[in-house]
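*Asks:* just the structure for this:
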Amino acid sequence: MAAWQITIDASDGGRRIDAMLSAEIPELTRNHAQKLLEQGLVLCNGTAISKPSLKLKTGDVLSVTIPEPESLDIRSEDIPIDIVYEDDDILVVNKPKGMVVHPAPGHSTGTLVNALLHHCGDRLSGINGIARPGIVHRIDRDTTGLLVICKNDHAHAVLSQQLSTHSITRVYECIVEGVLSEDGTINAPIARNPADRKKMGIRQDGRRAVTHYHVKEHLKNRYTYVECRLETGRTHQIRVHMASIHHPLLGDTVYGRAKQPYSTEGQVLHAGTLGFLHPTTGEYMEFHAPLPEYFEHLLTILR
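*Replies:* Below you'll find the predicted structure:
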């Protein structure tokens, strides 16, 4: 267990408490700071604080307790992983369609985390908790493509900071319904749907979400092959944004039509490009994953 005490000076007065904690404590991400607040492990002037948006004042004294990571009770499984790159700090993997990233109710085995535990053993970061060792960001079960995995907490903290400042390059390829006539940008906040907690939606009280899209090809005057560049990375962002302009992703039965014309096993979405600064060397690295076979087959059919 680690304990920190931070006194707020004039230059930091007015900052949010979650932002201050993640900036001052090297191994703490903003998400992790918010979890500590929820657990009552952050005191401000001796009083437990749970609200991440609390604005600090000059002279405030923060006391932070960071528990040791819980022992991991998730089975390692010998599942093949498509490793695009690996060193002592990170792995970049190309996730297949149908694989869940981390264990959750209904998916305790067969996940990427189960496979990573077999490949890496205990050499995975612990910042995101016992169910998500090494996981910095996620993609949906039926989305294919690139993810970066961290082997230690330093790498995790550095890459999480890049995610929070939107400096990581993330480019996706997808097929959407309808003919999208020109390139554009969707800037619409996203939050969880209060009526259905499994869905996201555009809500004015949501978090800022920006997607830049580029028309690559029109397909039989019924579909459009599109490239989406994420400026932010909200849950289901591309799926929600494209549906909001009446061009849902082909195969997406959640945000598009319940009955789909092709058997795609979920949305046609591929995380094809991932770029970031290496957490130790500072060198910019960019990786590319080719379109999966099912995606290429669909393009052939639709051309």
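
*Asks:* give me the number of residues near residue 93?
*Replies:* Neighbour count of residue 93, defined by other C-beta atoms under 10 Å: 24. In this view, the C-beta of every residue, glycine as well, is placed from N, C-alpha and C.

*Asks:* now do residue 198
*Replies:* Residue 198, neighbours per other C-beta under 10 Å, totals 8.

*Asks:* ok, now which ones touch it?
*Replies:* Applying C-beta atoms under 8 Å, 6 or more residues apart in numbering to residue 198 gives the contacts residue 254.

*Asks:* pLDDT below threshold where in this protein?
*Replies:* Residue ranges of the chain with pLDDT under 70: 1-2, 26-27, 68-73, 105, 127-131.

*Asks:* which residues in the stretch 151-300 of the chain form helices?
*Replies:* 153-164, 237-244, 293-302 (DSSP state H, counting those that start in this stretch).

*Asks:* what's the second one in contact with?
*Replies:* Same thing as helix 237-244. Contacts of helix 237-244 (C-beta under 8 Å, 6+ apart): 140, 172, 174, 176, 186, 188, 190, 200-202, 209, 211, 213, 226, 228, 230, 234, 248-249, 252, 254-256, 267, 269.

*Asks:* which residue ranges of the stretch 1-150 of the chain form helices?
*Replies:* Here the stretch 1-150 of the chain has its helices, by DSSP H, counting those that start in this stretch, at 17-24, 30-38, 112-120.

*Asks:* next, the angle helix 153-164 makes with the shortest one.
*Replies:* Angle of helix 17-24 versus helix 153-164, following axes from the mean of the first three to the mean of the last three C-alpha atoms, to 10 degrees, is 130 degrees.

*Asks:* check which residues of helix 17-24 are buried.
*Replies:* Judged by neighbour count using 16 or more other C-beta atoms under 10 Å, the buried positions of helix 17-24 are 17-22.

*Asks:* what's the local residue count around residue 102?
*Replies:* Using other C-beta under 10 Å, residue 102 has 19 neighbouring residues.
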